[in-house]
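Q: sequence? don't have it. structure:
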């Protein structure tokens, strides 16, 4: 399976600021996804990061709040903009479409964000 | 997208088999059943998946009923390290990799 890293692993931010989260995978993958997991909740898909085109956002998530970049087949970033305490969550990236089980998603370790 | 229903929590004695059920009564013929687990807010870990036949790997076994409306994940000899939230997911057909996570089952393995 792919080895996925995320930076930062955790952060504490002030409201009104923005944070960019990086996701790096050790092999080329077709699909990259960004999820949010609010405290005590399950995972919710934010968007699919498409290489060479704009991300596809799920209902309830907008590009102005969560801009995403996907410059190549191994890297993506998610920015949480104009943060409020409600944005305190774990943000996870996942990948699919690589070698082996191509349609299985593999998840990164997550970024724990606390907004004060 | 097919939805899944899982019991919110289960306990299992260490060394015994843990059987985690999942209902996916609206599953369509070409949708796969996937299982993941999440240990203490780490990233979800892939366990196993299947379409129609039962599957086994080094981590677990997956039993899918003949009508495919439900499945059971079996951890044959549960250990304390298997304490986690287990998610059953129905994945749409090829070309659509999107997952919809339900609430999962919180499994607690007891010493």
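A: Arrived safely, thanks for sending. Values in this document were obtained by computation on a predicted structure and should not be read as measured data. Numbering: from 1, shown residues only, chains lettered A, B, ... in the order given.

Q: Every contact and neighbour count from this point should use C-alpha atoms.
A: Will do.

Q: give the contact list for residue A:96.
A: By C-alpha atoms under 8 Å, 6 or more residues apart in numbering or on different chains, the contact list for residue A:96 reads A:29, A:30, A:31, A:32, A:102, A:103, A:104, A:105, A:106, B:97.

Q: Give me the buried entries from the residues you listed.
A: A:29, A:30, A:31, A:32, A:102, A:103, A:104, A:105, A:106, B:97 (16 or more other C-alpha atoms under 10 Å in any protein chain shown).

Q: List the residues that contact the second one.
A: For residue A:30, the contact set (C-alpha under 8 Å, 6+ apart) comprises A:50, A:51, A:73, A:95, A:96, A:97, A:98.

Q: Apply 6 Å and report the result again.
A: residue A:97 (C-alpha atoms under 6 Å, 6 or more residues apart in numbering or on different chains).

Q: if we can go back for a sec, among the contacts of residue A:96, name the ones in strands.
A: Among the contacts of residue A:96, the members found in strands (DSSP state E) are A:31, A:32, A:106.

Q: returning to what we had before: just the buried ones among the contacts of residue A:96 now: which is nearest residue B:42?
A: Distances from residue B:42 to these, taken as C-alpha to C-alpha, are shortest for residue A:106 (12.3 Å).

Q: so who does that closest one touch?
A: Counting by C-alpha under 6 Å, 6+ apart, residue A:106 makes contact with A:94, A:95.

Q: Listing request: residues of chain A with sub-threshold pLDDT.
A: Low-confidence segments of chain A (pLDDT under 70): A:98-102.

Q: Please identify the residues of chain A in proximity to chain B?
A: Selection of chain A residues close to chain B by C-alpha under 6 Å from any C-alpha of the partner chain yields A:42, A:43, A:107, A:108, A:109, A:110.

Q: Pick out the residue of chain B closest to chain A.
A: Closest contact between chain B and chain A, by C-alpha to the nearest C-alpha, is at residue B:43 (4.5 Å).

Q: Was I right to think that residue contacts residue A:109?
A: Yes. The criterion here is C-alpha atoms under 6 Å, and residue B:43 meets it with residue A:109 at 4.5 Å.

Q: what about the strands in the chain?
A: Picking chain A for this. A:4-7, A:10-13, A:19-25, A:31-37, A:43-49, A:56-57, A:68-72, A:75-80, A:89-96, A:106-107, A:111-115.

Q: right idea, wrong chain: chain B
A: Taking DSSP E as the criterion, chain B carries its strands at B:9-13, B:18-23, B:32-38, B:45-50, B:55-56, B:61-64, B:70-75, B:84-91, B:105-110.

Q: List the neighbouring strands of the third one plus their orientation.
A: If I follow you right, that is strand B:32-38. strand B:45-50 (antiparallel), strand B:84-91 (antiparallel) (DSSP bridges).

Q: neighbouring contacts of it?
A: B:44-51, B:84-91.

Q: Same check on stretch A:49-56?
A: With C-alpha under 6 Å, 6+ apart as the test, stretch A:49-56 has contacts from A:32, A:33, A:47, A:48, A:70, A:72.

Q: What is the distance between that stretch and the centre of its chain?
A: The chain centre lies 13 Å from the centre of stretch A:49-56; the measure is C-alpha atoms, centre = their mean, to the nearest Å.
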